[in-house]
Structure formats: structure tokens, C-alpha cells
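Colleague: A structural model of the following input is requested.
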Amino acid sequence: MSRVLHTAQALVDVILEIDDLPPRGGNANVRREQKYAGGAVTTLLAAARTGAVAVHGGAHGTGPYGDLIREALARDGVALSDAPRPDADTGYCTVLLEPSAERTFLTVYGAERQITAASLASLDPQVGDLVCVSGYSLFEPTREPLLEFLEALPAGVDVVLDPGDPFADFPREVQERVLARTTVWTSNADEARALTDLDALQDTPEALRRRLRPGAVVIVRDGDRGCLVFHHGRGTEIPAFPMTPVDTNGAGDTHTGVLLAERALGADWESAATRANAAAAIVVTRRGTESAPTRAEVDAFLS
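Modeller: Numbers count the residues shown, from 1 in each chain. Coordinates of the predicted model:
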């Protein structure tokens with residue numbers, strides 16, 4: 001069976017629910033505070049709950065936040081390929097969550113940034129495996145170790161790029177080094193438009209495809225309108241399942257985890273995207289980043 005492997009940061013999300021963002025220099029009262037394992041964890045949990053073998057290859061710390069990450073992964077059978085860093089704890093992301101489900105992020109770095117090409121290689125990617133890469137890993141100090149790892153991967157390993165907001169702003173040389181190895185692009189609509197400078201969303205997949213490896217697949221998510229799947233010169237719109245959201249944090253990562261797990265289990269891209277849309281619809285009705293549905297829950301939702 002193909003595996004879902006993740007190279008990106010596993011962080012703790014400290015979610016603070018507020019009524020409104022305060023003005024600069026102002027104050028806001030927090031109605032509720034919750035801590036969850038987030039970042040790469042969200043994608044890996046979604047993949048594992050779908051039934052795929054999932055492994056995290058990023059670094060993690062030895063303090064309470066590192067413990068939280070390891071406990072969350074262990075509950076769903078997600079393996080870790082690398083040992084904890086003895087001298088640092090895992091970092092965290094403070095998420096300001098408004099009643100509209102809009103989120104604002106503040107990230108503090110920790111042990112998750114202490115990677116090397118050798119530590120990532122502990123994932124031991126094999127032909128058919130799907131290796132997930134986040135654009136947020138292309139900031140220093142993780143940029144060069146990640147690029148070195150990607151450029152040494154054997155043929156037949158799929159590299160899945162989730163570019164995130166920053167990718168379009170990286171130097172062109174950095175973009176090209178990543179895109180030259182990417183066989184699957186999965187992003188939201190704004191990220192696709194940012195890299196292509198195109199306003200018409202339906203035109204972005206083909207434009208992205210021209211910058212990727214031959215035979216690459218492009219998936220562009222468009223919120224409650226579903227997603228576009230483009231491969232073999234053909235684009236398909238996969239409808240969404242609109243829901244009233246309470247927390248959109250982790251919806252995109254859940255979509256990616258289910259999409260890749262379905263592929264690892266043998267589904268075609270269109271079927272995988274349909275189930276990923278369903279999983280994302282379920283997630284936005286739940287709180288936190290560990291809320292990915294099980295395969296049975298997606299089955300029930302679709303029925």
C-alpha cells in the first residue's frame with residue numbers, strides 16, 4: 001500500500017475564541033481557550049482515519065507541546081520516523097477565532113524547525129508513496145534541508161505541494177526548485193490566483209500545470225463551491241457540500257489528508273476529491289484541528 005508521508009511542521013494550535021479582533025494597541029477578552037495538535041498533524045490524522053498508512057517525518061520537541069503532538073498522532077496510529085529533539089519543545093500557533101469562523105494566526109517557532117535532509121530521509125520514501133510538502137517549510141531555517149531532501153527523492157515518489165499563502169512571494173528560483181519536483185498541487189483558490197496572476201479561477205489549474213512536472217495533477221479548492229481537479233488535459237468540477245461553519249481551521253488540511261489517503265487506497269482523483277469535499281464539510285461543523293472524520297462518518301454523510 002502507498003503511504004501518506006508528511007515533511008512539514010507539527011505545531012500546537014492554541015485557539016482563542018474572541019468576539020472581534022481588537023484594534024492595534026487595543027484589548028479583547030477571550031471567551032474560550034483550547035489546545036489542539038495542528039499543522040501537519042491535521043493532514044496525517046485525516047489520512048489515518050480514512051484508512052491509509054500515515055507517517056510524520058518532521059522534527060518534534062520533548063516538552064509538553066511535543067508530548068501533545070505525539071499523543072495525538074499515537075491515538076490514530078500515525079508513526080513518527082524521527083526521534084524527539086532533547087533540547088527544545090515543539091512550537092505553537094496562536095489562532096484568534098472570530099464568530100464568523102475567520103482566523104488570524106501568530107506562530108512561534110520551536111523544535112519543529114530543527115530538521116536536516118538526513119532527518120527527513122528517515123521517512124524512507126518508496127515508489128508510490130505520497131510525500132507532503134508545505135510552503136511554510138520554505139522559510140529559513142527549513143528551506144535548504146527540505147529542498148535537498150526533495151531533490152534526492154527516487155523516481156516514482158509523488159511530491160504533494162500545499163503552497164500556503166507565502167509560496168507566491170518566495171524567489172522565483174525557490175519556486176522552480178520545488179515545482180520541478182511537484183507531481184500534485186493542492187491549494188485554495190487565492191493561492192492558485194496568487195501564483196498565476198489570473199482572476200478566472202477556472203484558468204488557474206492549466207496555468208499551474210505548465211509549471212509542474214509532466215503528468216502532474218492540480219487540485220484547487222474553492223470553499224463551499226467545491227474544488228477543481230485537473231489532469232491529463234481535462235478539468236472536472238467536484239461540487240461541495242455547503243455547511244454552516246463554526247470553525248474553518250484545518251478544513252484545507254483535512255481535505256488534503258483524505259484526498260491523498262483515497263489515492264493511496266486506489267481511488268481515482270475525482271472520487272478522492274468527492275470524499276475530501278465531504279470530509280471538509282464535516283470538519284467545519286466541528287471545533288479544533290483534530291476533528292477529521294473517520295471513513296465510516298464520510299460514508300454516512302455521503303449516503
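Colleague: would you confirm that residue 5 contacts residue 52?
Modeller: No - if you go by CB atoms under 8 Å, residue 5 and residue 52 don't touch, sitting 10.3 Å apart. Every residue, glycine included, has its C-beta placed from N, CA and C.
Colleague: more neighbours: which of the two?
Modeller: residue 5 (28 against 23; other CB atoms under 10 Å).
Colleague: ramachandran angles for that one?
Modeller: Main-chain torsions, residue 5, degrees, to the nearest 10: phi -110, psi 140.
Colleague: in the sheet, who's paired with it?
Modeller: Beta bridges link residue 5 to residue 55, residue 131, judged by DSSP bridges.
Colleague: against residue 36, how distant is it?
Modeller: To residue 36, residue 5 is 22 Å away according to CB to CB, to the nearest Å.
Colleague: now do residue 104
Modeller: 16 Å.
Colleague: residue nearest the middle of the chain, spatially speaking?
Modeller: The chain has residue 253 as the residue nearest its centroid, 3.8 Å off, counting by CA atoms, centre = their mean.
Colleague: which residue sits closest to that one, ignoring its sequence neighbours?
Modeller: residue 42 (3.8 Å; CB to CB, 6 or more residues apart in numbering).
Colleague: double-check that the one you found belongs to a helix.
Modeller: Yes - secondary structure assignment places residue 42 in a helix (DSSP: H, G, I helix; E, B strand; the rest coil).
Colleague: list the contacts of it.
Modeller: Applying CB atoms under 8 Å, 6 or more residues apart in numbering, we find residue 42 in contact with 250, 253, 254, 257, 289, 290, 292.
Colleague: correct me, but residue 167 touches residue 134?
Modeller: No - applying CB under 8 Å as the test, residue 167 and residue 134 come out as separate, 9.2 Å apart.
Colleague: that older thread, give me the pLDDT for the residue nearest to residue 253.
Modeller: pLDDT, residue 42: 96.
Colleague: list the helices and strands the worst-scoring helix or strand of the chain on mean pLDDT packs on?
Modeller: Sorted by mean pLDDT, DSSP states H and E, the helices and strands of the chain end with strand 103-108, the least confident at a mean of 91. Applying 3 or more CB pairs under 8 Å, 6 or more residues apart in numbering; DSSP states H and E, we find strand 103-108 packed against strand 92-97.
Colleague: done for today, thanks.
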